Each structure stands twice: as structure tokens, then as C-alpha cells.
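A.B. asks: Here is a sequence with its predicted model. Questions after.
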Amino acid sequence: RTLVDSTSEPEERAMEAAMRPKNLDEFVGQHRVRNQLSLVLEASKMRGRVADHVLLSGPPGLGKTTLAMIVAAEMQAPLRISSGPAIQNAGDLAAILSSLTEGEVLFLDEIHRLSRPAEEMLYLAMEDFRVDIIVGKGAGATAIPLDLPPFTLVGATTRAGLLPGPLRDRFGFTGHLDFYAREELELVLRRSAVLMDLRVTSAGFTEIARRSRGTPRITNRLLRRVRDWALVHRKELIDAESASAALDMYEVDERGLDRLDRAVIHALCVKFGGGPVGLSTLAIAVGEETETVEEVAEPFLVREGLLGRTPRGRIATAAAWQHLGLRAPEGAPG
Ligand code: ADP
């Protein structure tokens, strides 16, 4: 399991829920998306209409679910949560859509993983607030149109490019979330520390933020691990040394790379001489699904300048060799 995985223990999930910003003002960073979204919501409130459908893209743990909750809160509308993989067929989607109330916000996580028939049903629902319920089979099948109350769809995907064009085009607003700067993660941490009643020095916050992989979910998680460490070691005030001692235990290195990140660049350098190597081969080498490597590890490694994407495959950069403490062989790419 990676550090950004959201399917963690109930206790972790409860903590995560408690740390979630409740409105746009509490939402740290992502200024562009936040301002644009704020405008979309404000305008639809003034018109007395439901908000346009919103598509949020970006790596896991950056705030997509949180923003969906905020959209519902700002519109004072109920929120329904489901996901592409949870919807097995068009019938499941029809059941959800036909039970929505007026103005309700429907959050569909991993929307790129909807089945084809469900996706096609969604087109009509998004555009005309209507679904065609198919009754019967074969030549005797008939479509019974069913009107839906106006609703707002908030779709989330790790990469907007994974969505078919016709689906993407039906969103009135698309926001891309990017990794957070260290200073922004420090703000997230300061807020969480208050909620958790923890005393942390400035340098302590910086140390945790620096190792958080640019991801608020991870920063909150690491703060909890540091809290555990401080409790056991009877530290009332968490400083940089406590933070780094605690985090060393959890396999997050000084640059924020976790086990999977390191496994990827290690395989790239050591097994494949720095590449280029195809993504699926690389995934097999680290024993992970291609999707996980592509959607979780790769975006961060690219941003950190440790991995490069070329038409012939993935390559390790000079910084990757250096990070592993290895010497790049003569003629290695990157
Ligand atoms: P995603 O849906 O993109 O995987 P989430 O919305 O579940 O990510 O966010 C994970 C956690 O990170 C949330 O519990 C929340 O506490 C925290 N978080 C995310 N974005 C922000 C932000 N901009 N400001 C403060 N906390 C945030």
C-alpha cells in the first residue's frame, strides 16, 4: 500500500475526515482552481440555478473529494458519493441518478473507470437531465425516458487525459490540482496541529512538510505518525529532530519519496541501466499495477526531476542516480 492510499483503517479515515477543510476559505493553496470554482458557484447561486458540472483532475490526496464536499456545502446541497469502480453497470448508475434530489451534488471518484454503457448514460443525464431506462431484451427492448431533477456532477480523475473527449466536454468547469508547495503544506499542518492540540516548532512543521510528497493527505498522515512518536518519547514540543527521527522510521526519505517512489527509480537505474523502459515493464519490475505506477508514483517523480518521459519509455535523470547514491554509467540517458 502506498502512502496516498485512501482505503486505510477506519481510525485513519475518521482522522482524515476531521482534518478536512469545510469551505473554500479553509482550503489551502490551489489558488487558481479555488478562485475559478468560487466564481462558478457564486454565479450559479445568483442565477438561482444548480452549478455547472465540475471535473477535478490530479494525483490522489490533493483535495478532489474535499472540493466536492465544499461544492455541496457552498451550494447548501446534499452530497452523494460514488465511484467509477463501484458502479458495475448502467443499471447501478440509473439507480443513483433516479434517486437524486433537486440540486444534489453527485461526486463520482475515478470517473475514468466507469463502464462504457454507464458512461453513455451519463452523457444524457449531464446534458438533458434525463436517462433512458431500457426495459426488456433484444428486439423487444424499449427505452423509457425518465426525467431527472437538475443536479451537479463533480467528477474526479487522476488524469483528465484518461477521459473520453465527449465526457470531458460535458463538464462546464475543469480544474487541475497540482502538488502543493512546501509552504502550503506547512499551512495545512499548522491547521491540523491546532485541531489535534499538538505543539510543533516552525522547523518541525518545515521538516514534516518537506517530506510530504507535495500531498496534503500525506502531510496529515505523517503528522499523526510524528504525534505517536512524540507521545511514546514523551516530547511535549515537536521539533525538527523529533520529526525527522519519527519520519525515518516510516520509510519516507528527506525528499519525501516513499517506498514505491524509490522502488521505481531504483529499478529504472539498477535493472534497466537508466532506461528507456516501457511503463508496464517497469511496473512489473516493482511488483505494482501499471496504473499505480503511472498515476501515483510517476507524476511526483517527474515533478521532482527524477524521472523523464520519452517517446521510447521512462528514463532516470542524473538527479535520480544521485538520489540513490549511485554513479550513472557512461552513456546512460538523462
Ligand atoms: P483526493 O480526493 O484528491 O484523493 P482528498 O480530498 O480526500 O484527496 O484529500 C485528502 C486529505 O487531505 C483530506 O482529508 C484533507 O484533510 C487534506 N486536504 C486536501 N486538500 C487540502 C487543502 N487544500 N487544504 C487543507 N487540507 C487538504
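C.D. replies: Cool, got the structure. Keep in mind that this is a model prediction, so the values were computed, not measured. Numbers count the residues shown, from 1 in each chain.
A.B. asks: Within range of the ligand, give me the residues from the stretch 151-300 of the chain.
C.D. replies: 156, 188, 216-217, 220 (Cβ under 6 Å from any ligand atom). No exception for glycine: its C-beta is placed from N, CA and C like everyone else's.
A.B. asks: Please report phi then psi for the residue in the chain that the ligand sits nearest to.
C.D. replies: The minimum distance from the chain to the ligand, using Cβ to the nearest ligand atom, falls at Gly63 (2.8 Å). Dihedral angles of Gly63 (phi, psi; degrees, to the nearest 10) stand at phi 120, psi 20.
A.B. asks: circling back to that earlier point, present the residues of the stretch 151-300 of the chain next to the ligand as CSV; the columns should include secondary structure, neighbour count and pLDDT.
C.D. replies: Below are those laid out as CSV (DSSP: H, G, I helix; E, B strand; the rest coil; neighbours: other Cβ atoms under 10 Å; pLDDT from 0 to 100):
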residue, secondary structure, neighbour count, pLDDT
Ala156, strand, 25, 97
Val188, helix, 26, 97
Pro216, helix, 30, 96
Arg217, helix, 24, 93
Asn220, helix, 25, 94
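A.B. asks: Make sure Leu195 is actually in contact with Ala18.
C.D. replies: Yes: Leu195 is in contact with Ala18 according to Cβ atoms under 8 Å; the separation is 6.5 Å.
A.B. asks: still on that earlier bit, looking at the residues of the stretch 151-300 of the chain next to the ligand, which is nearest Glu288?
C.D. replies: Arg217 (18.8 Å; Cβ to Cβ).
A.B. asks: I figured that closest one hits Lys64, correct?
C.D. replies: No: with contact defined as Cβ under 8 Å, Arg217 does not count as touching Lys64 (10.5 Å).
A.B. asks: Spit out the contact partners of the residue of the chain closest to the ligand.
C.D. replies: Neighbour list for Gly63: 27, 30, 177, 216 [criterion: Cβ atoms under 8 Å, 6 or more residues apart in numbering].
A.B. asks: Who wins on neighbours among these?
C.D. replies: Pro216 (30 neighbours; other Cβ atoms under 10 Å).
A.B. asks: hang on, isn't that one packed against Pro59?
C.D. replies: No: using Cβ under 8 Å, Pro216 is not in contact with Pro59; the gap is 11.2 Å.
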